[in-house]
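Visitor: Got a predicted model here, sequence first, then my questions.
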Amino acid sequence: SQQGEEDPQALSIQEGENATMNCSYKTSINNLQWYRQNSGRGLVHLILIRSNEREKHSGRLRVTLDTSKKSSSLLITASRAADTASYFCATGTRNSEKLVFGKGTKLTVNP
Amino acid sequence: DVKVTQSSRYLVKRTGEKVFLECVQDMDHENMFWYRQDPGLGLRLIYFSYDVKMKEKGDIPEGYSVSREKKERFSLILESASTNQTSMYLCASSGRFNQPQHFGDGTRLSIL
């Protein structure tokens, strides 16, 4: 069952620009997590935001969560070529250990 | 740092073979997961385990089984491999209560 849906599916920007990716979900959540996947590798956890939080920062990453709209956004500031990867959101609920992943946004940062 | 190790990066097997994919984690995590990842379909959960010898079906368990005899090891078994099981398989582990999941590098499995 797919819960999170990322938007856009693909994004191409120049180095130094900001990249914004969005995630929408359907049911109540306990937390929302963002992951990154380099081509041919496993996913790496970036940031977790709880349902009672509105914004969280980690280095060049900024995540917002709007539970009334059931949406989240991931902002990468001052992007670098090394940020080229696919980015996934995943939602967790209170009564399950499972996460439900979206299909991802493929980000390309051109040097 | 958490390390999740999958036994093979690439694997080629024949239709009808029994295939074992192994995953080991070193952080004493209670939860372990098996996903498959296909273009356009994202990550889909096959099975997960929340304790030794405990398992729960995910979204696409058909054609697969799992084994967790020790806390650190979670095996995915393709009982009789078919070509539609050609995919990237990802193993992950996590602590309890929706903790972040830590992934292995994946096994790209081809069934010929």
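Guide: Yep, that arrived.

Visitor: Could you measure from residue B:12 over to chain A?
Guide: Residue B:12 sits 16 Å away from chain A, going by Cβ to the nearest Cβ, to the nearest Å. In short, each C-beta sits where N, CA and C put it, glycine included.

Visitor: Show me what the host helix or strand of that residue is packed up against.
Guide: Per DSSP states H and E, residue B:12 falls inside strand B:10-13. Secondary-structure packing of strand B:10-13 (3 or more Cβ pairs under 8 Å, 6 or more residues apart in numbering or on different chains; DSSP states H and E): strand B:19-25, strand B:107-111.

Visitor: hmm, 7 Å instead?
Guide: Strand B:10-13 sits against strand B:107-111, with contacts defined as 3 or more Cβ pairs under 7 Å, 6 or more residues apart in numbering or on different chains; DSSP states H and E.

Visitor: which outside residues touch the strand it packs on?
Guide: B:6, B:8-13, B:15, B:21, B:81-83, B:85-89 (Cβ atoms under 7 Å, 6 or more residues apart in numbering or on different chains).

Visitor: Show me what counts as buried in that strand.
Guide: Applying a neighbour-count criterion of 16 or more other Cβ atoms under 10 Å in any protein chain shown, one finds B:107, B:108, B:109, B:111 buried in strand B:107-111.

Visitor: ok, of those residues, which one's closest to chain A?
Guide: Taking Cβ to the nearest Cβ as the measure, chain A lies nearest residue B:108 of the buried residues of strand B:107-111, at 7.7 Å.

Visitor: where does that closest one land on pLDDT?
Guide: Here, the pLDDT recorded for residue B:108 equals 97.

Visitor: any idea how far it is from residue B:32?
Guide: Distance, residue B:108 to residue B:32, using Cβ to Cβ, to the nearest Å: 20 Å.

Visitor: Check residue B:47 too.
Guide: Computed as Cβ to Cβ, the residue B:47 to residue B:32 distance reads 9 Å.

Visitor: and the two? which has more neighbours close in?
Guide: Using other Cβ atoms under 10 Å in any protein chain shown, the more surrounded residue of residue B:47 and residue B:32 is residue B:32, with 27 against 23.

Visitor: Bridge partners for the more buried one, pull those for me.
Guide: Partner residues in beta bridges with residue B:32, using DSSP bridges, are residue B:49, residue B:93.

Visitor: Could you report the distance from it to residue B:56?
Guide: According to Cβ to Cβ, residue B:32 and residue B:56 sit 11 Å apart.

Visitor: got any residues that touch both of those two?
Guide: Common neighbours of residue B:32 and residue B:56 (criterion: Cβ under 7 Å, 6+ apart): residue B:48.

Visitor: Look up phi and psi at residue A:81.
Guide: phi -60, psi -30 (degrees, to the nearest 10).

Visitor: Without its sequence neighbours, what residue ends up closest to it?
Guide: Nearest non-adjacent residue to residue A:81, counting by Cβ to Cβ, 6 or more residues apart in numbering or on different chains: residue A:111, 4.7 Å away.

Visitor: Repeat that for residue B:58.
Guide: In space, residue B:58 is closest to residue B:45, 3.1 Å off (Cβ to Cβ, 6+ apart).

Visitor: now the strand or helix carrying the one you found: how far from the chain's centre is it?
Guide: If you go by DSSP H and E, residue B:45 is part of strand B:42-51. Averaged C-alpha coordinates place strand B:42-51 at 7 Å from its chain's average position (Cα atoms, centre = their mean, to the nearest Å).
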